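>>> Here's a sequence, model it:
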Amino acid sequence: MADYSSYVTIQVSKLVPQLTLGNARANSGSYDPQPPQTIEPGTTANFQLHDPSGPYGSDGSVSYNGQGISLSAAYACPYWSSNTGEVGIGGNGGFVADWYVQAGDDGYWMRQQVPGRGHPLRLFVAVRAASEPVVGPPG
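Alright, predicted model coming up:
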């Protein structure tokens, strides 16, 4: 059976304050592992939104907050329609998020765009201070 899961990686630089989970929503599917309650500076969090059995796919979102920063990410790898993804960052303006999406197993990462087709969906988010260099996709 095809995998319509959404795999999410959030990498946080050492200059970013601790991020605390505000909300984790699974509109379709279930998290395993769950999004972590906190993401410490200089660490990486990985979690997966599994697609349920049947013709549905995965659809969910998370939000994290820290001192002077808020981060949101929404992602979907639906069975019948196009993939979607979006990352937002707010706060005092001192932080940015570089994000990339891969759909399928071709190894190609799109910067701040979402391939309409392909599964599973992989979202990579690198949160950094605005003064730090841009972070590229994994691999």
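>>> could you show me where the strands are in the protein, in order?
Counting by DSSP state E, one finds strands in the chain at the ranges 6-12, 19-28, 30-31, 38-39, 44-50, 57-66, 69-78, 84-91, 95-103, 110-111, 121-129.
>>> Please give the centre-to-centre distance between the third one and its chain.
Okay, so that is strand 30-31. 14 Å (C-alpha atoms, centre = their mean, to the nearest Å).
>>> For that strand, name the packing helices and strands.
When contacts are defined as 3 or more C-beta pairs under 8 Å, 6 or more residues apart in numbering; DSSP states H and E, strand 30-31 sits against strand 44-50. The way it works is simple: take the backbone N, C-alpha and C, and place the C-beta from them, glycine included.
>>> pLDDT wise, what is Ala2 at?
pLDDT for Ala2: 88.
>>> Quick one: the strands of the chain as JSON lines, columns for distance to Gly139 too.
Below are the strands of the chain laid out as JSON lines (distance: least, C-beta to C-beta, whole Å):
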{"stretch": "strand 6-12", "distance to Gly139": "11"}
{"stretch": "strand 19-28", "distance to Gly139": "24"}
{"stretch": "strand 30-31", "distance to Gly139": "24"}
{"stretch": "strand 38-39", "distance to Gly139": "21"}
{"stretch": "strand 44-50", "distance to Gly139": "14"}
{"stretch": "strand 57-66", "distance to Gly139": "22"}
{"stretch": "strand 69-78", "distance to Gly139": "19"}
{"stretch": "strand 84-91", "distance to Gly139": "18"}
{"stretch": "strand 95-103", "distance to Gly139": "9"}
{"stretch": "strand 110-111", "distance to Gly139": "14"}
{"stretch": "strand 121-129", "distance to Gly139": "10"}
